[in-house]
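Visitor: Turn this into a structure:
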Amino acid sequence: MLTADLARPRIYHRSGKLYVRTIKPNDSTWQKTAKELIELFRAHVDQPVSAWTAALEKYESDRVDYLVLRGLAKVLRDEADYVARTGAISSTDLRSRLFASGPVLSHQNLLHPLSRSEILAEVAQEIGISHSQIELLFFADLPAEHILIDTGPEWTPEALIMRYNLELSRAALYWSDQMIVHIFDGYQDFWRYLKLFKLMFWAAPITSIDAKGKEQAGYQITLDGPISPFVQSTTRYGRQLAGFLPALLLGKRWRMWANIQLPNNDKKLLYQLDNRTPLTSHFKASGEFDSKMESSFADEFEEKFGDKRGSWILTREDEVILLGDTVMIPDFAITHKKDGRRAIIEIVGFWHPDYLERKVKKVRQAQRSDLILLVYERINLSKEKLKNIPSEVLYFKRKPVLKDVIGAVKRVAVETVTVETVAVEPVAVEPPDDSNE
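Guide: Numbering: from 1, shown residues only. Reported below is the predicted structural model:
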């Protein structure tokens, strides 16, 4: 991610709102610069980072837009792979041997009877390596001397510019005390990355009314920011919150509001993004189904009850069960077309002990009478282990029997619970005309 010194000059505010000065991906000047940087970076494979840094300084020359240029270069470097040189001795041990001789000069004198080259030659002979290898290994463990071995993604100029814009948007969150997100889909990915980045959150179900007056169920998630009084390790947590932003972009409908307090600024600023924001995520999204078993279940349901053939509609991961500091996202929900009664379904077909333990714990916490567990017999999850839960449990040998599943749905389905309705105006994500270069 971009460091504050590269991002802060690209962030400004107006009328209480915060904006980020991105660059246009189709700008011919920046496309040319991005292309040249990519080619220059690739030319330094198998060379130390210091060589790339020197080449970048030479390329930068007297350009006045060096902050953007360095930002683009930082993106390239962060996504690449490096390795430290290795040899017959570690750099730490080598320095210990060399420095044991005390200070030396390039030439002998009365106080320094051995020159630098003589000390190097002596140690090289002891170790059994050449003088040139000694020089290479001397500081090989320092990041500047690591060797570039892979430049990372197959960068195009446009992709590099878009990633730079994303990193700028991420960096604005370094100075946030709170973020509020409304999400209406993509729950699995959202909470997967929320857990990965170890963010603190509070969540509640909401019903949003869009511009067309249509209601849609979703969730409001409130996250502490790095400058919140509840956060101790502000720098690390700030990077975690900023790092999470691309996960939002995986959803099709979402809104985000963040309070930002920039350094040396007493006023809190409002930073807003939504699904219309011209940013792209490099995070990997989950597949449509987590397993072949789930895919087969959905296909069979569609074949037998899809279109107008049945009274029930099957949807995938459209509800989140909030369980304190964690969540449970059932695999499916089945909703009656006319009266709106719903039941939720979780397929338990993975038999790793840790997975089963976590799954049973969540089911017990959920205490949902409208939950149906479809349990694969061979995973050894007996009825004894599912005591004291109100959920319906159906065991199956090869695959769930749809007739039995529909029967269970009819027994446990409940009316949809009414939740708080939140009317939100569309977020203005486009900055003033003079904010883009």
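
Visitor: what's the burial count for the nearest residue to residue 32 once chain neighbours are set aside?
Guide: Leaving out its chain neighbours, the residue that sits closest to residue 32 by CB to CB, 6 or more residues apart in numbering is residue 157, at 7.7 Å. In this view, the C-beta of every residue, glycine as well, is placed from N, C-alpha and C. Using other CB atoms under 10 Å, residue 157 has 21 neighbouring residues.

Visitor: confidence score at residue 157?
Guide: At residue 157, the predicted lDDT confidence score is 97.

Visitor: how about residue 185, what does it touch?
Guide: Counting by CB atoms under 8 Å, 6 or more residues apart in numbering, residue 185 touches 218, 251-253, 318.

Visitor: give me the element it is part of.
Guide: Counting by DSSP states H and E, there is no helix or strand that carries residue 185.

Visitor: Tell me how far it lies from residue 203.
Guide: Plainly put, residue 185 is 15 Å away from residue 203 if you go by CB to CB, to the nearest Å.

Visitor: just checking, residue 83 touches residue 143?
Guide: No. Under the criterion of CB atoms under 8 Å, residue 83 makes no contact with residue 143, lying 11.4 Å away.

Visitor: Touching stretch 117-125 from outside, list them.
Guide: Residues from elsewhere that reach stretch 117-125 (CB under 8 Å, 6+ apart): 94, 97-98, 101, 104, 106, 108, 114, 130-131, 133-135.

Visitor: hmm, I was thinking of stretch 301-316
Guide: Here stretch 301-316 makes contact (CB under 8 Å, 6+ apart) with 288-289, 298, 331-338, 402, 406, 409.

Visitor: Just the buried residues from those residues, in ChimeraX please.
Guide: Typed into ChimeraX, the line below selects the buried ones among the contacts of stretch 301-316, using 16 or more other CB atoms under 10 Å:
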select :289,298,331,332,333,334,335,336,406,409
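
Visitor: out of the contacts of stretch 301-316, which one sits closest to residue 364?
Guide: Proximity of the contacts of stretch 301-316 to residue 364 (CB to CB) peaks at residue 331, which lies at 17.8 Å.

Visitor: Contact partners for that closest one?
Guide: Listed by CB under 8 Å, 6+ apart, the contact set of residue 331 reads 290, 294, 316-317, 345-347.

Visitor: Take those and lay them out in TSV including secondary structure.
Guide: Output for the contacts of residue 331, formatted as TSV (DSSP: H, G, I helix; E, B strand; the rest coil):
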residue	secondary structure
290	coil
294	helix
316	strand
317	coil
345	strand
346	strand
347	strand
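
Visitor: What is the most widely separated pair among those?
Guide: Maximum pairwise distance among the contacts of residue 331 (CB to CB): 13.1 Å, between 290 and 345.

Visitor: Comparing these two, which residue is more hemmed in?
Guide: Between residue 290 and residue 345, residue 345 has the larger neighbour count (other CB under 10 Å), namely 24 against 16.

Visitor: ok, and the closest non-adjacent residue to the more buried one?
Guide: Per CB to CB, 6+ apart, closest to residue 345 is residue 332, 4.3 Å.

Visitor: Same question for residue 240.
Guide: residue 197 is the one closest to residue 240 (CB to CB, 6+ apart), at 4.5 Å.

Visitor: if I read this right, that neighbour contacts residue 242, doesn't it?
Guide: No. The pair residue 197 / residue 242 is not scored as a contact, 9.3 Å apart, by CB under 8 Å.
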